[in-house]
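J.: give me the fold of what follows.
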Amino acid sequence: MKYVSGQKIWLQATFVDLDGAYVDPTAITLYVTTPTEVTTTYLKAVLTRPSAGIYGIAVSVAVAGIWQWGVRSTGVGQAAEQGWFEVMPWKASSLS
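T.: A predicted model of the protein is given here:
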């Protein structure tokens, strides 16, 4: 996925059990690493829960480059996932 620097994006994790039912994990840790290797850690308490088993957070992406993210949960709904996305530099001159 590609975004433009200066955007606020939504990072979301969905947790289901082995039967596919949504579950709320005991603990969740979401990590976001910028292209300059600065990692921010978000715990379950600061994540938004739109509905059962779905958690997320809005993150401002101000630095162009490849961003990495990862999420881990423990206890009920134990899981782990990771990925990346690209942020392109804002180029206002390209709009004219």
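
J.: every contact and neighbour count from this point should use C-alpha atoms.
T.: Fine.

J.: so the residue positioned nearest the centre of the chain is in which element?
T.: In the chain, the residue lying closest to the centroid (C-alpha atoms, centre = their mean) is residue 11, at 3.2 Å. Element membership of residue 11 [criterion: DSSP states H and E] is strand 7-14.

J.: please identify the buried residues of that strand?
T.: 12-13 (16 or more other C-alpha atoms under 10 Å).

J.: and the gap between residue 79 and residue 46?
T.: Taking C-alpha to C-alpha, to the nearest Å as the measure, residue 79 falls 19 Å from residue 46.

J.: the two: which has the busier surroundings?
T.: Neighbours per residue (other C-alpha atoms under 10 Å) separate residue 79 from residue 46, with residue 79 holding more: 16 against 11.

J.: show me what contacts the more buried one?
T.: Under the criterion of C-alpha atoms under 8 Å, 6 or more residues apart in numbering, the neighbours of residue 79 are 15, 71-73.

J.: likewise residue 5?
T.: Neighbouring residues of residue 5 by C-alpha under 8 Å, 6+ apart: 61-64, 87-90.

J.: next, count neighbours for residue 21.
T.: Other residues close to residue 21 by other C-alpha under 10 Å number 10.

J.: quick one on the thing from earlier: out of the contacts of residue 79, which is nearest to residue 36?
T.: Nearest to residue 36 among the contacts of residue 79, counting by C-alpha to C-alpha, is residue 71 at 19.6 Å.
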